[in-house]
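> Could you look at this predicted model? Sequence included:
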Amino acid sequence: DIQMTQSPSSLSASIGDRVTITCQASQDISDHLNWYQQKPGKAPKLLMYDASKLDSGVPLRFSGTGSGTDFTFTINSLQPEDIATYFCHQCDSPPFTFGRGTKVDLK
Amino acid sequence: EVQLLESGGGLAQPGGSLRLSCAASGFTFSNYAMSWVRQTPGRGLEWVSSISGNGATIYYADSVKGRFTISRENSKNTLYLQMNSLRAEDAAVYYCAKDFGITRISVKGDFDSWGLGTLLTVSS
């Protein structure tokens, strides 16, 4: 199985800060990586697909880079509505696996 | 607008059975692979099973293989998960999720839409 190592597990940031989350796959997954945002009691929401493509309607302050095994997700200028948990997810091959999540809160 | 609505969760006994359903609307259901993903505070998000749009391609996580059965009824726009021999570790919120692109005969697993989830509790 492909393991997804996501870090950090949590972070505190101020409004306007740049936030960076990383995800490392245990083997090459090309760009078959998605990033999701989840708020308490809600379903995950797709933000990025194919590692670097913004889903429709997602603000441009969100971005993603990477290919192969190392991926980065960035929120440029954190907004109050971005307080949530973020997950990476590999869809290269089943069993599809997820990172453990990064909880972003306000400093 | 894509809508996915799970139902069928509740309390089940260890060793018992339960069937989850996911009613889909807002897209051509038979064109897309569908999946079940579960979530617990301790284990996070865990993929359970996927089925292609035509139902011919199916995958299971090792943890549920032989106990759970995924199926779909395209005429009713509904996805199912039959869960047998339930264990305490199966307790979770179960989400159904839709593949991003058209996947009639395959499964991509790149979920772009999720339901609200249904809670399964396993306890005697």
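The structure has been received and is ready for your questions.

> pLDDT on stretch A:4-15, on average?
Averaging pLDDT along stretch A:4-15 gives 97.

> Let me see the contact set for residue B:106.
Residues near residue B:106 by Cβ atoms under 8 Å, 6 or more residues apart in numbering or on different chains: B:33, B:52, B:57. Any C-beta I mention is one placed from the backbone N, CA and C, and that applies to glycine too.

> got a markdown table for those residues, with neighbour count, pLDDT and secondary structure too?
Formatted as a markdown table, the contacts of residue B:106 follow (neighbours: other Cβ atoms under 10 Å in any protein chain shown; pLDDT from 0 to 100; DSSP: H, G, I helix; E, B strand; the rest coil):
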| residue | neighbour count | pLDDT | secondary structure |
| --- | --- | --- | --- |
| B:33 | 29 | 97 | coil |
| B:52 | 21 | 97 | coil |
| B:57 | 15 | 96 | coil |
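
> roughly how far apart are residue B:36 and residue A:87?
According to Cβ to Cβ, to the nearest Å, residue B:36 stands 17 Å off from residue A:87.

> Check residue A:10 too.
With Cβ to Cβ as the criterion, residue A:10 and residue A:87 are 13 Å apart.

> Between these two, which is the more surrounded one?
Ranked by neighbour count (other Cβ atoms under 10 Å in any protein chain shown), residue A:10 and residue A:87 place residue A:87 first, with 25 against 11.

> I'd say that one and residue A:45 touch.
No - in this structure residue A:87 lies outside contact range of residue A:45 using Cβ atoms under 8 Å: 10.3 Å.

> Quickly list what's touching both of the two.
Contacts common to residue A:87 and residue A:45, judged by Cβ under 8 Å, 6+ apart, are A:36, A:38.

> Tally up the residues packed near residue 26, please.
By default, I'm working from chain A. Neighbour number of residue A:26 under other Cβ under 10 Å is 13.

> switch to chain B, that's the one I care about
Residues near residue B:26, counting by other Cβ under 10 Å: 12.

> show me the contacts for the closest residue to residue B:84 other than its chain neighbours.
Leaving aside its sequence neighbours, residue B:84 sits nearest to residue B:17 (Cβ to Cβ, 6 or more residues apart in numbering or on different chains; 4.7 Å). By Cβ under 8 Å, 6+ apart, residue B:17 lies in contact with B:82-86.
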